[in-house]
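Chemist: predicted model and sequence follow; I will ask about them next.
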Amino acid sequence: MAHFEKAKSLNEWMDQRLAVNTIKRVMQTEYWIPKDINFLWAMGMVLAATFGILLISGIFLLMYYKPDVNLAFDSVNYTIMSEVGFGWLWRHIHGVAASLVFLIIYIHMFTGIYYGSYKKGRELIWLSGMLLFVTFSAEAFSGYMLPWGQMSYWAGMVITNLFSGGSLEAYGLVEWIRGDYVPGDAFLTRFFMLHVLLLPLAIIGLIVLHFGTLRLPHVNNQEGAEIDFEEAAELYKNGNHKEAKVIPFSPVFLSKDIFVMGIYFILFFYLVFYHFEFAMDPVNFDPADGLKTPAHIYPEWYFLWSYEILRPFSKDLGLVAFAIAQVIFFSLPFLDRSPNVAPANRRGLFHFWFWLMLVDMLVLTFMGKLPPTDALFANIGLVAALTFFALWVALPIITKLEKKL
Amino acid sequence: MNKELKIFGVVAFFTLFLYWGVEPYAHSQMHKHVEGHNFVYDGTADIEEAEAKLATAKESGVKVEKAEATAKAKKEFWASVNKISKLKGNATAGEAGFAMCAGCHMDGAMNMGGVIPPSLEHAGSLYEKNYLIALIKNPAMASNVDHKYADTSMHPMGSISSMITTDQDIANVVAYLQAKKSGELTTKEAFTDACGRCHAMRYAKTSQLGDTPKFKYKKDELKHQVKVLEEQDLVKAYMGKLPPDLSIIIRARGEHFLETFVENPQSQLAGTSMPRTGLSQEGYEKVKEYLTEVGDPSKPHREAVGPWVILFFIIFTGLAFLWKKEKWHGHH
């Protein structure tokens, strides 16, 4: 065993055994963040906080939730809502957070796209972030099954049916996923397991990876400027706070994050107390009934754009389009052929590409919820879906043509 | 700072636009709009409905005569209801007529023809005047479910027309109900009288047989359960399906849907066997209040806790801003 001196303080005692001072230095006081940033750079910590809220509220709900087709609905809607002290608060927090986490994810993603934060050296940041997006999507879907209302049941039916692969008619695979011919008890309990164990574990692991990928290439800045971090850090440590292009993660960067979080929490709790219905579809307050299909089946808002890419095409084509749409964002660092790391407004055609993509995804989102029986909506949806793919085909071409800055 | 606000403006704009598209706009397109009539029953809605059906029948050329007859019958029926409504009823004379009602509408009544006759203790305030007149005149027409009885069975209350025959008698009975049977009622009573004979509310521990008692012995509990099941079978046979439990219907349906559906079920769900219950505005408010108490019990808690939590975060944000200002001092 190594030699230990008698410690003079608790901090020293901890430092001898756990190197807490080194950890603090490496992770906080000498983890350098560029100074030229705006509030969008706080979205990462806002996401981490929202995930924390989901985790804590989820633990409270888990104590009373019953994963059984006969008990699930009432355990959520009666036990948690009327019998458990503040059960309603935890449920509304969980529901609102599940919706807002996607809003922030999309803001975070489009921030990354706008400032080119996925370029050479930062590919893994983007890829691990996309893995988080996919895992969060699976987490949201599995959680949506748990109250076992009409939308839980029918969304579960529709989404698992996708795995039959259209004309491949792989119904065996669908049954294997469901553990039954239709969504039932086996289906509910396995999605329960996914929602409360496997997927949260994966998310926590991926968050660690996502933070890890930031370490060497460093966080991007508003101008996409290349910074000599060692030189800038020396300058900062010598007390030259004004000239240094960097700030320490803690407390300087964090102080702004917490202020942004405060504003976010005002909005968040306003929604929790006064406007939670947007996150809790009324249809899901009818118990699951396999003999009664709801008039409109639609996913939560954050899946609508990809749902609308599935809808306007024929069965097989729609599935292929849907599958591509799910993974296409992974390829962004490789399809963008321009070496420029700069905000989109300085990147010529890419500037148009960015705003077109944003507006197109909004249009897809709107159309995804509207009844496709209306010819106008269906046609707008089709055009928007085709535009989505056209934009991805155009991306390597327009970025190849882009002038080097 | 200005740049930050500009960026914030862009983010806020797209967020609000997104919200508008997936919530208010999408819902306005998904659900048909039904005009409400403020819980006044003068036949306007029913006649419009019958005329719309007649127009469709003429277009397709199918069952035109039947549709014509229905439209004509509706007009005549509601014209006579509106006529009776103008008569001055005599409450004292109405008491004698009411005695005939009380033969079936009594405490502990049994299922008659599919459903247990409701208590009329608060009928004068719970139900609207015109509706009461219409109901005595022709129950199936009043409830806008005449299509159900067109060529099969008789309405369980069908025999009323042979008991209270003249227009003046009807006016008298309704005058009696309004004078003597319109005391204050609790929200729960409103629900039980108007809805509770067909709809259970398991979160309030009530069934079609009323409150579920507490039992000391399991066998008594099971006996009661069997009775409930038997009653539900009768309702099911009469209605075609067991009417849904209403425990959290207040969260499962929008305000506008519930209001217009209760006023005239056919308007939102054409062909449904649910009768119009004829609630007055006051009666509906009571029922809605009860549905909220049971289906959304956290409402008062939300209103009590909400402002404090938000105040906390406003103070939190203010302090965070001061901290940020201090930490960033000398950085620019």
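Modeler: Sure thing, it's come through.
Chemist: the stretch 1-150 of chain A: helices as residue ranges?
Modeler: A:10-18, A:20-24, A:43-62, A:72-74, A:87-114, A:123-145, A:150-161 (DSSP state H, counting those that start in this stretch).
Chemist: check which residues of the third one are buried.
Modeler: The one in question is helix A:43-62. Within helix A:43-62, the residues that count as buried by 16 or more other Cβ atoms under 10 Å in any protein chain shown are A:43-47, A:49-51, A:53-54, A:57-58, A:60-61. For every residue, glycine as well, the C-beta is placed using N, CA and C.
Chemist: now swap in the first one and tell me
Modeler: Of the residues in helix A:10-18, those buried under the neighbour-count criterion (16+ other Cβ under 10 Å) are A:Asp15.
Chemist: give me the neighbour count for residue 322.
Modeler: In the absence of a named chain, this looks at chain A. A:Phe322: 18 surrounding residues under other Cβ atoms under 10 Å in any protein chain shown.
Chemist: my question was about chain B, not that one.
Modeler: 12.
Chemist: in whichever strand or helix holds it, what counts as buried?
Modeler: Secondary-structure assignment from DSSP states H and E places B:Leu322 in helix B:299-327. Buried residues in helix B:299-327, defined by neighbour count with 16+ other Cβ under 10 Å: B:302, B:305-306, B:309-310, B:313, B:316-317, B:320-321, B:323-324, B:327.
Chemist: within reach of chain A, which of these are there?
Modeler: Checking the buried residues of helix B:299-327 against chain A by Cβ under 8 Å from any Cβ of the partner chain, the ones in range are B:302, B:305-306, B:309-310, B:313, B:316-317, B:320-321, B:323-324, B:327.
Chemist: need the residues you listed in CSV (columns: distance to A:Leu358).
Modeler: Below are those laid out as CSV (distance: Cβ to Cβ, whole Å):
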residue, distance to A:Leu358
B:Arg302, 35
B:Val305, 37
B:Gly306, 33
B:Val309, 33
B:Ile310, 31
B:Phe313, 29
B:Phe316, 32
B:Thr317, 28
B:Ala320, 30
B:Phe321, 30
B:Trp323, 34
B:Lys324, 29
B:Lys327, 33
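Chemist: got a markdown table for these, with pLDDT and distance to A:Leu405 too?
Modeler: Below are those laid out as a markdown table (pLDDT from 0 to 100; distance: Cβ to Cβ, whole Å):
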| residue | pLDDT | distance to A:Leu405 |
| --- | --- | --- |
| B:Arg302 | 96 | 52 |
| B:Val305 | 97 | 53 |
| B:Gly306 | 97 | 50 |
| B:Val309 | 98 | 47 |
| B:Ile310 | 98 | 45 |
| B:Phe313 | 98 | 42 |
| B:Phe316 | 98 | 41 |
| B:Thr317 | 98 | 38 |
| B:Ala320 | 98 | 36 |
| B:Phe321 | 97 | 35 |
| B:Trp323 | 98 | 37 |
| B:Lys324 | 97 | 32 |
| B:Lys327 | 96 | 33 |
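Chemist: which of the buried residues of helix A:43-62 sits closest to A:Leu358?
Modeler: Nearest to A:Leu358 among those, counting by Cβ to Cβ, is A:Met43 at 15.7 Å.
Chemist: check the gap between that closest one and A:Ile37 for me.
Modeler: 11 Å (Cβ to Cβ, to the nearest Å).
Chemist: show me where the chain has strands.
Modeler: Just going to use chain A. For chain A, applying DSSP state E gives strands covering A:32-34, A:246-248.
Chemist: I was thinking of chain B, sorry if that wasn't clear
Modeler: Counting by DSSP E, the strands of chain B are B:206-207, B:210-211.
Chemist: would you mind finding the most buried of those strands?
Modeler: strand B:206-207 (a mean of 21; mean count of other Cβ atoms under 10 Å in any protein chain shown).
Chemist: run a quick neighbour tally on residue 328.
Modeler: All of this refers to chain A. Counted with other Cβ under 10 Å, A:Ile328 comes out at 18.
Chemist: actually it's chain B I care about, not the one you picked
Modeler: Quick note: B:Trp328 (other Cβ under 10 Å) scores 16 neighbours.
Chemist: ok, B:Ser119 next?
Modeler: When neighbours are counted by other Cβ under 10 Å, B:Ser119 comes out with 18.
Chemist: pLDDT score for the closest residue to it other than its chain neighbours?
Modeler: Nearest residue to B:Ser119, sequence neighbours excluded (Cβ to Cβ, 6 or more residues apart in numbering or on different chains): B:Asp193, at 5.4 Å. Among the per-residue scores, B:Asp193 shows a pLDDT of 94.
Chemist: what about B:Asp193, distance to B:Gly94?
Modeler: Counting by Cβ to Cβ - B:Asp193 and B:Gly94 are separated by 19 Å.
Chemist: out of the buried residues of helix A:43-62, who's nearest chain B?
Modeler: Chain B lies nearest to A:Met43 out of those, by Cβ to the nearest Cβ, at 9.7 Å.
Chemist: who's in contact with the spatially closest residue to the closest one that is not a sequence neighbour?
Modeler: Of all residues not flanking A:Met43 in the chain, A:His108 sits nearest, at 4.3 Å (Cβ to Cβ, 6+ apart). Applying Cβ atoms under 8 Å, 6 or more residues apart in numbering or on different chains to A:His108 gives the contacts A:Leu40, A:Met43, A:Gly44, A:Leu47, A:Gly129.
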